[in-house]
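>>> one predicted model, sequence on top.
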Amino acid sequence: MMFQKVGRSSKTEAFGLEYIDALYGYALMLTRNRSDAEDLVQETYVRALDAKDRLREDSNVKGWFFTILRNLWLNQLRKRKSEPHLVEIDGQEGGADYLSGNTPNSDEILVAKEDVEQVRFAIRQLSPEFQEVIHLREFEELSYQQIAIVLSCPTGTVMSRLGRARAKLRVLLTPTWSQPASSGKDSRS
């Protein structure tokens, strides 16, 4: 992902760059579009650099970046509601749905890729609020408190949503992964 330098000192340019991949993954999950995700991350960094001087020393910088990104995305959603809706004919970009580095000759990697795709497919079946809490906890490894700040809700709500999201995922994945133990054995022993 490319970022344009916006005429800041080298100390300012390095601020928060360790979160860029995580922010891009979150933005991609929210937008489901690479270009929109890149724009969202870039706007997040522009806003963060502008507000950096107002950040308290004891602040959770990673959570702060995620909060900025989410607020920008919510603002974009609100703005889009007032604009005409365009329907994309071929909406299957799928960039976040595929693993890179797949070795064609390895059964283990193929099985792992299929499992990951099944989990990602199951996550996409969840409501957006459940997708978001799962992504922030399981992929970005934010704490419950950090997620509560990002989502602007109580920690108990985060825990409740996460519990319900995990329960729904179990239900969605159970038919896929529950192969009978005796399927390969002869029952006549």
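Nice, I can see it.
>>> hang on, Gln22 packs against Leu142?
For residue 22 the amino acid is Ala, not Gln. No: between Ala22 and Leu142 there is no contact under C-beta atoms under 8 Å: 9.2 Å. No exception for glycine: its C-beta is placed from N, CA and C like everyone else's.
>>> any common contacting residues for these two?
Residues touching both Ala22 and Leu142 (C-beta atoms under 8 Å, 6 or more residues apart in numbering): Lys62, Phe66.
>>> of the two, which one has the most company?
Between Ala22 and Leu142, Leu142 has the larger neighbour count (other C-beta atoms under 10 Å), namely 24 against 19.
>>> do you know how far that one is from Ile134?
Using C-beta to C-beta, to the nearest Å, Leu142 is found at 11 Å from Ile134.
>>> show me what the lengthiest helix in the chain is packed up against.
Determined from DSSP state H, the single longest helix within the chain is helix 155-177. With contacts taken as 3 or more C-beta pairs under 8 Å, 6 or more residues apart in numbering; DSSP states H and E, helix 155-177 sits against helix 107-124, helix 128-134, helix 144-151.
>>> if you count neighbours, what's buried in that helix?
Buried residues in helix 155-177, counted by 16 or more other C-beta atoms under 10 Å: Thr157, Val158, Arg161, Leu162, Ala165, Arg166, Lys168, Leu169, Leu172, Leu173.
>>> quick one: average pLDDT of that helix?
Averaging the model's pLDDT scores along helix 155-177 yields 87.
>>> now do it: everything it contacts.
Contacts to helix 155-177, defined as C-beta under 8 Å, 6+ apart, come from residues 118-119, 122-123, 125-126, 129-131, 133-134, 137, 144-145, 147-148, 151.
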